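Participant: model this:
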Amino acid sequence: MIKQIHSRIASFLRHQKLRYLPYSKIPYIWFKNRNIHYKIVPLSECSSYKKSDTIFVLGSGPSVTSLTMEQWQQVKEHDSYGINFSFLLDFVPTFHSMEDGKSKWLRGFVEERMKNIKGDYSDTVSIISDRHRARYIHPRLTPEFFPNTSTCCVYKFPSPIVIEDSDSPFSDEAFDSHSIIYRGSLSAALYVIDQLGYKKIILLGVDLHTPEHFFYGMPEMKEYVDRQKAVLDKNKYESMLSKASKMKPFDEYLYFLKDYLHRKKGVELLIGFKDNMLYPKIPAYFK
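Facilitator: From the prediction side, this is the model:
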């Protein structure tokens, strides 16, 4: 019990250091934005926005731009979940989650890019975790972070899977006792999708062989891309690199997750195309 209390206090203090707004401005902004229309729904009620048992996950890998018009139409016929800068695609998803950039510069950069899609995304459900709310990221306090007329689904971010040794395998026990979250925005999105009860999940723009993104050539993204290139490995997708408590590469996580979801829940996990390093261990949706 004492350990849990200590952990919660440490988590609270950590998120307060990352808060989006200074304490002094929160009451004023809350009052000023009192006429903003938004709806907060818990994850348990978010399934009411589903129209299909199939969902396409839109990552930011370069392959996401290789879809034909006919293939985009297939995506449109089902549900979709956009992650981070996938909102730069000419496509409006059912759900979208934007990771908090944590720094003042990146938050401002995201706000500027979000201006162009606020109207288009008015029917898209924004997905945030309690980590966002702990940093005062909320439709009424930080409307710049959300579409107009925002419906916002909030979920409790669970304890992620911990792998301390690169020789330690993923296990059913770890997935059962923690959650299916391992690392990065994609595994968090897959956790939400799993909670929503989808039966077929297709990964688009998940290109683990390269750190590049589809927006690398966009002039409006140049400053962000330059900053990313300065700090990231130029040859490796970030989640393929080991770090403390995350010693297994992300492809091994996805291989195990594919098997786990199929055995435990009868859920199919697929990738978009065969020319992906995850194929054939993970089957392709588009033939």
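Participant: tally of neighbours for residue 116?
Facilitator: Residue 116 sits with 12 neighbouring residues when counted by other Cβ atoms under 10 Å. Where you see a C-beta, it was placed from the backbone N, CA and C, and this is true even at glycine.
Participant: where does it land in three-state SS?
Facilitator: Assigned with DSSP: H, G, I helix; E, B strand; the rest coil, residue 116 falls in the coil class.
Participant: ok, it - contacts?
Facilitator: By Cβ atoms under 8 Å, 6 or more residues apart in numbering, residue 116 lies in contact with nothing.
Participant: just say helix, strand or coil for residue 127.
Facilitator: Assignment for residue 127 (three-state DSSP): strand.
Participant: what of residue 92?
Facilitator: coil.
Participant: spell out which helix or strand contains the residue minimising distance to the centre of the chain, please.
Facilitator: Note on the chain: the residue nearest the mean C-alpha position is residue 185, at 3.7 Å, using Cα atoms, centre = their mean. Assigned by DSSP states H and E, residue 185 falls within helix 184-195.
Participant: got a list of contacts for that helix?
Facilitator: Against helix 184-195 from outside (Cβ under 8 Å, 6+ apart): 43, 46, 55, 57, 59, 81, 83-84, 95, 97, 99, 127, 129, 153, 155, 157-158, 160, 179-181, 201, 203, 206, 238-239, 250, 253, 257, 261, 265, 267.
Participant: ChimeraX command to pick out the buried ones of these?
Facilitator: To isolate the buried ones among the contacts of helix 184-195 in ChimeraX, judged by 16 or more other Cβ atoms under 10 Å, type:
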select :43,46,55,57,59,81,83,84,95,97,99,127,129,153,155,157,160,179,180,181,201,203,206,239,250,253,257,261,267
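Participant: what about the nearest residue to residue 154 once chain neighbours are set aside, how many residues nearby?
Facilitator: Nearest residue to residue 154, sequence neighbours excluded (Cβ to Cβ, 6 or more residues apart in numbering): residue 128, at 5.7 Å. Close neighbours of residue 128, defined as other Cβ under 10 Å, add up to 23.
Participant: out of the contacts of helix 184-195, list just those in helices.
Facilitator: 43, 46, 250, 253, 257, 261, 265 (DSSP state H).
Participant: can you tell me how far the closest residue to the third one other than its chain neighbours sits from residue 183?
Facilitator: With sequence-adjacent residues excluded and distances taken as Cβ to Cβ, 6+ apart, residue 250 is closest to residue 239, at 3.8 Å. Distance check for residue 239 against residue 183: by Cβ to Cβ, to the nearest Å, it reads 6 Å.
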